[in-house]
Every structure is written in C-alpha cells, then in structure tokens.
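Asker: From the sequence below, what's the structure:
(one chain, ligands or ions: 1)
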Amino acid sequence: MIEIEHVTKRYGETTVVDDVSMVIEPRTVTVIVGTSGSGKTTLLRMINRLVEPTSGTIKLDGTDNRSVPGHELRRSIGYAIQGNGLFPHRTVAQNIATVPALLGWDTGRINGRVDELLSLLQLDPAAFGPRYPHELSGGQQQRVGVARALAAEPNVLLMDEPFGALDPIIRTKAQEDLLAIQKRFGTTIILVTHDMEEAVHLGDRIAVMDAGRLIQYATPAEILARPANDFVETLIGASDRPFKLLSLGTVGAAVEPGQALGEGIRAEASQRDALAELLWSGRAAMPVTAKDGSALGRVTVEGLLKRAARPQ
Ligand SMILES: Nc1ncnc2c1ncn2[C@@H]1O[C@H](COP(=O)(O)OP(=O)(O)OP(=O)(O)O)[C@@H](O)[C@H]1O
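Answerer: Modelled structure (predicted):
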C-alpha cells in the first residue's frame, strides 16, 4: 500500500503539487491524469524520491520512504519513462540486467530473469538479447524499457507516459501486455498519462490533477458517471462518454439468453466493440461465444444502449 499524506512540492514561490493525499491499494493500477504542467510527473517522482517533497509524507507499506537512502529505494521500485531511457552502449540483455546486477544476483538468476521478461514481452531472447537499443524499433525499445523496470521483481512500478511515443496499434498492444504482466506479477502500477482514454482502459482508479491539486480520485466508472467538476468533465470528453462507459464492461457481462444469426463475438471482448460491430453490420443482435467456442447467448443493441446510459 502507498499512502500519500498532505504532500506539497514548491519551487520557489510556485506550488506545483498542492497538498495531495491519496491511498494506493496494492496490486492495482492507478493512473494519474491531467493537463500538461499539472504536477503529475512531480507527484510520481516523489514516490521514489527523485524529487523530495517540500512537506508531507509518503509511506510504502507503512514505512516512510525517507527511512531508506534514495538510491536503495529506487532499486526496489521500477521506473519506466517515455522514450525508454535505455543505455545505448549496453545490449538489451545488459540493459535489463542493470538493477539485478547492482543487487548482486548470480549470473544464472539474472539470465533466467532476462529471458523470462523478454519472452513475456514477446521478444525472442536469443534474437533480441544481444542487440543494441538502436537496432530495435521504438515499440521494441519501449518494451525493453518496461522489462528493465521490472527486472528486479519490484512490488511497485512507476511509469511516466510510457506509451506516449507509440503509434496507436502498438500502443494498444503495449497496454494489453502491461495488463497481462500486472496480473501475472501482481505489481502495483502507478502510471502518468494525459490521455483519458488510456486512463479509463488501464486504471483500477484514476487520479485527476489540475494545477497541482488532486481534483478527483475514483474508479473509471465513477469518474465517467460523476465527474467532480467541469474540468474533469472536459477531460473525459462528454460526447464520448457512453462509449467509454461501454469499453469498461465485457460482452460476457451483457449476455442475454437467446440466439442470433451471423458471426459471433467472444465473451471477453468489450461491450463497446460489440456495439460497434452490431451497428456496422446492421444487426440488432449477435451470438456470444466462450473461449472454447461454445454458445453463451446473445448480445443486443437494445441491451447495450441501456448500459451506455448515465448510471443512476
Ligand atoms: N525542477 C524544477 N524546477 C522548477 N519548476 C519545476 C521543476 N520541475 C517541474 N517544475 C514545474 O512544475 C510544474 C509541474 O511539472 P510536472 O512535470 O510535474 O507536470 P506534468 O503534469 O507531469 O506535465 P507534463 O504532462 O507536461 O509532463 C510545471 O509547471 C513545471 O514547469
């Protein structure tokens, strides 16, 4: 658990983070979202003490983060940034091995971990381990950056606009990879973005910041249904709200008894995708199938429209 208590950061007369308090539950994804200059990066960097707060306290599992030296703290907390920050003169494998080597892991354990992470991020260890960062595409470099941040099995991973430089298709893929990794390792992830779409997709909870203040801290569904003020409402993009709401639920949760004709959709697809497919193919209903291909029922335009309405 991460407890941020009345944390303020000032540079001279300027307050860039203003009395922020929030509790981050273990094994969850928290997304900090807000406009440029709202203090997101500063707040994130106070967790691993790349920035020291002017006042307030940050506790990690009950322990004040000032009770251990900063460099030690940063070995136990993963950190991934936009543009990946890889060391250009080290191979991919050496980059990923950086923190485990500092921690004195033996070679066998380091190599095992490097291979495990590369495979997990769908990069063949034999092909990619010996390469240098400039021999990789931007998307591949970004994955190596995430692998390096995860190398020493941190409980906490901080990510600052990790997908900002990626094209939309690679970005979606990288987001799916991240969610899979988070499930597998149970890592507590805190991710900064200015993209509300990304926040809704990835976050168990979203923290909305404006001018250094924490304006709202809630689940995506709560934020969509009840934005705390006009600023949050603008950030969500009101015209898109029903679709964002549908993107939170799976088809499996909207399945109705009965049959339908034509091509089906899988239960784990999003309700947004189901509605798009129904509208595009001009159908009122379509079959829903389980992973093994068995029929579960159907999903209907009528049912989905009800789910897209503002929650009461
Ligand atoms: N070392 C520093 N000295 C003085 N001012 C700083 C320093 N670091 C950040 N700031 C200021 O603090 C404010 C918040 O910066 P921060 O990087 O936290 O914002 P952000 O929300 O992450 O923005 P962006 O989305 O553009 O990255 C900005 O106005 C920035 O200019």
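Asker: Mind telling me which residue is nearest the centre of this structure?
Answerer: Residue closest to the mean C-alpha point of the chain, counted by CA atoms, centre = their mean, is residue 202 at 4.5 Å.
Asker: so what's it up against?
Answerer: Contacts of residue 202 were listed using CB atoms under 8 Å, 6 or more residues apart in numbering, and they are 29, 31, 175, 178, 179, 191. No exception for glycine: its C-beta is placed from N, CA and C like everyone else's.
Asker: neighbours of the closest residue in space to the last one that isn't next to it in sequence, just the number please.
Answerer: Leaving aside its chain neighbours, residue 191 sits nearest to residue 159 (4.3 Å; criterion: CB to CB, 6 or more residues apart in numbering). Using other CB atoms under 10 Å, residue 159 has 25 other residues around it.
Asker: what about the helices in the stretch 151-300 of the chain?
Answerer: Applying DSSP state H, counting those that start in this stretch to the stretch 151-300 of the chain gives helices spanning 168-185, 196-202, 220-225, 230-236, 241-247, 271-281.
Asker: now swap in the stretch 1-150 of the chain and tell me
Answerer: 40-47, 70-76, 92-96, 98-102, 107-120, 125-128, 138-150.
Asker: so which of these comes closest to the ligand?
Answerer: helix 40-47 (3.2 Å; CB to the nearest ligand atom).
Asker: Does anything pack onto that closest one? Which helices or strands?
Answerer: On a contact count with 3 or more CB pairs under 8 Å, 6 or more residues apart in numbering; DSSP states H and E, helix 40-47 meets strand 2-11, strand 14-24, strand 29-34, strand 55-60, strand 156-160, strand 188-193.
Asker: Relative to the whole chain's centre, how far out is it?
Answerer: How far helix 40-47 lies from its chain's middle: 15 Å, per CA atoms, centre = their mean, to the nearest Å.
Asker: same deal with stretch 154-173?
Answerer: Chain-centre distance of stretch 154-173: 7 Å, with CA atoms, centre = their mean.
Asker: Sort out which residues of stretch 266-278 are buried, please.
Answerer: Of the residues in stretch 266-278, 266, 267, 269, 270, 271, 272, 274, 275, 277, 278 count as buried by neighbour count, 16 or more other CB atoms under 10 Å.
Asker: I'd say the last one and residue 284 touch.
Answerer: I take that to be residue 278. Yes - under the criterion of CB atoms under 8 Å, residue 278 makes contact with residue 284 at 7.2 Å.
Asker: For those two, list the residues in contact with both.
Answerer: Taking CB under 8 Å, 6+ apart as the contact rule, residue 278 and residue 284 both touch 300, 301.
Asker: Just give the nearest non-adjacent residue to residue 117, would you?
Answerer: Per CB to CB, 6+ apart, closest to residue 117 is residue 147, 4.0 Å.
Asker: Neighbours of that neighbour, how many?
Answerer: 26.
Asker: Make 891 the first number, not 1, from now on.
Answerer: In the new numbering, first residue 891, that becomes residue 1037.
Asker: Other residues contacting stretch 998-1009?
Answerer: Here stretch 998-1009 has contacts from 982-983, 986-987, 990-991, 995, 1014-1015, 1018-1019, 1037, 1040-1041, 1043, using CB under 8 Å, 6+ apart.
Asker: Report the buried members of the residues you listed.
Answerer: Neighbour counting over the contacts of stretch 998-1009 (16+ other CB under 10 Å) leaves 982, 983, 986, 987, 990, 995, 1015, 1018, 1019, 1037, 1040, 1041 as the buried ones.
Asker: Next, the contact list for the nearest residue to the second one once chain neighbours are set aside, please.
Answerer: Nearest non-adjacent residue to residue 983, counting by CB to CB, 6+ apart: residue 1019, 3.8 Å away. For residue 1019, the set of contacting residues under the criterion of CB under 8 Å, 6+ apart consists of 981, 982, 983, 1004, 1005, 1008.
Asker: Close to the ligand: what parts of the stretch 941-1090 of the chain are there?
Answerer: Residues of the stretch 941-1090 of the chain lying near the ligand by CB under 6 Å from any ligand atom: residue 1084.
Asker: can you pull the contacts of the residue in the stretch 941-1090 of the chain that the ligand sits nearest to?
Answerer: Of all residues in the stretch 941-1090 of the chain, the one sitting closest to the ligand is residue 1084 (5.2 Å; CB to the nearest ligand atom). Listed by CB under 8 Å, 6+ apart, the contact partners of residue 1084 are 923, 924, 925, 926, 930, 1051.
Asker: chain center to stretch 1168-1184: distance?
Answerer: Counting by CA atoms, centre = their mean, stretch 1168-1184 comes out at 29 Å from the chain centroid.
Asker: With only the CA atoms kept, save that stretch in CSV.
Answerer: The C-alpha coordinates for stretch 1168-1184 follow below in CSV (Å, rounded to 0.1, in the frame of the first residue of the first chain):
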residue,chain,number,x,y,z
LEU,A,1168,-23.6,-4.6,-34.3
LEU,A,1169,-24.0,-1.1,-35.8
TRP,A,1170,-21.6,-1.7,-38.6
SER,A,1171,-23.1,-5.0,-39.6
GLY,A,1172,-26.7,-3.6,-39.3
ARG,A,1173,-27.8,-6.3,-36.9
ALA,A,1174,-30.0,-6.0,-33.7
ALA,A,1175,-28.3,-9.0,-32.0
MET,A,1176,-25.4,-11.3,-32.4
PRO,A,1177,-24.2,-14.6,-30.8
VAL,A,1178,-21.8,-14.6,-27.9
THR,A,1179,-19.2,-17.4,-27.6
ALA,A,1180,-16.9,-18.6,-24.9
LYS,A,1181,-13.2,-19.2,-25.4
ASP,A,1182,-13.8,-22.8,-26.3
GLY,A,1183,-16.3,-21.7,-29.0
SER,A,1184,-19.4,-22.8,-27.1
